[in-house]
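Undergrad: got a sequence here, can you model it:
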Amino acid sequence: GLLANVKAYELLTVEAAVHGDRKAGYEALLVHPLGPPADQIATVLDEMLTINAAYLPRFR
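TA: Alright, predicted model coming up:
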């Protein structure tokens, strides 16, 4: 249900941030019920990583 999807998003987001895992970041956006359409996820993820680069050192 909705809560399971949001929890999956949270866990994948943490995994992405801690390990610099782009695939987990992509999957996080994919499972979020209010996330972008699937064909826009890569672009949104790129923008988020660029804007937040100072806070996400594992993605460098």
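
Undergrad: can you map out the helices along this protein?
TA: Ranges of helices within the chain are 2-19, 22-31, 41-51, based on DSSP state H.

Undergrad: Arg58 is nearest to which of those?
TA: Arg58 lies closest to helix 2-19 among the helices of the chain, at 6.2 Å (C-beta to C-beta). The C-beta positions use only the backbone N, C-alpha and C, and glycine is treated the same way.

Undergrad: now do the closest one, average pLDDT.
TA: Helix 2-19 shows a mean pLDDT of 97.

Undergrad: and Asn5, what is it in contact with?
TA: Val31, His32, Pro33 (C-beta atoms under 8 Å, 6 or more residues apart in numbering).

Undergrad: how close does the second one get to Lys7?
TA: Counting by C-beta to C-beta, to the nearest Å, the gap between His32 and Lys7 amounts to 11 Å.

Undergrad: circling back to that earlier point, please pick the buried ones from the contacts of Asn5.
TA: Buried members of the contacts of Asn5, counted by 16 or more other C-beta atoms under 10 Å: Val31, His32.
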